[in-house]
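Chemist: model the following, please.
(one chain, ligands or ions: 1)
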Amino acid sequence: MITSPMQFFRNLPKKLCTSCKKPMEEQADCYTNRCEKCSPVI
Ligand SMILES: [Zn+2]
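Modeler: A predicted model of the protein is given here:
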């Protein structure tokens, strides 16, 4: 049995917003720890 990389990433826990603690979906701006609503708007 070979564990595919895709399977590995599936098992990763979802990233939580550091502000509202809600699970965040994968986004392009993955460098932030806050969701869209909590991230500061310039
Ligand atoms: Zn948030």
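Chemist: near the ion, which residues of this structure?
Modeler: 17, 19, 20, 35, 38 (Cβ under 5 Å from the ion). C-beta: built from backbone N, CA, C; applies to glycine.
Chemist: what's the pLDDT at the third one?
Modeler: With respect to pLDDT, residue 20 scores 93.
Chemist: how about it, what does it touch?
Modeler: Applying Cβ atoms under 8 Å, 6 or more residues apart in numbering, one finds that residue 20 lies in contact with 35, 37, 38.
Chemist: just give me the neighbour total for the last one.
Modeler: When counting by other Cβ atoms under 10 Å, one arrives at 15 neighbours for residue 38.
Chemist: which one is it nearest to, not counting chain neighbours?
Modeler: Nearest non-adjacent residue to residue 38, counting by Cβ to Cβ, 6 or more residues apart in numbering: residue 19, 3.6 Å away.
Chemist: returning to what we had before: make a markdown table out of the residues of the chain next to the ion and add secondary structure.
Modeler: Rendered in a markdown table, the data for the residues of the chain next to the ion read as follows (DSSP: H, G, I helix; E, B strand; the rest coil):
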| residue | secondary structure |
| --- | --- |
| 17 | coil |
| 19 | coil |
| 20 | coil |
| 35 | coil |
| 38 | coil |
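Chemist: and the residues you listed, which two are furthest apart?
Modeler: Using Cβ to Cβ, the pair of those lying farthest apart is 19 and 35, separated by 7.4 Å.
Chemist: which of these two has more residues huddled nearby?
Modeler: Just comparing residue 19 and residue 35: by other Cβ under 10 Å the higher neighbour count belongs to residue 35, 19 against 12.
Chemist: low-confidence ranges, the protein, go.
Modeler: With pLDDT under 70 as the threshold, the chain has low-confidence stretches at 1-3, 8-9, 12, 26-31, 42.
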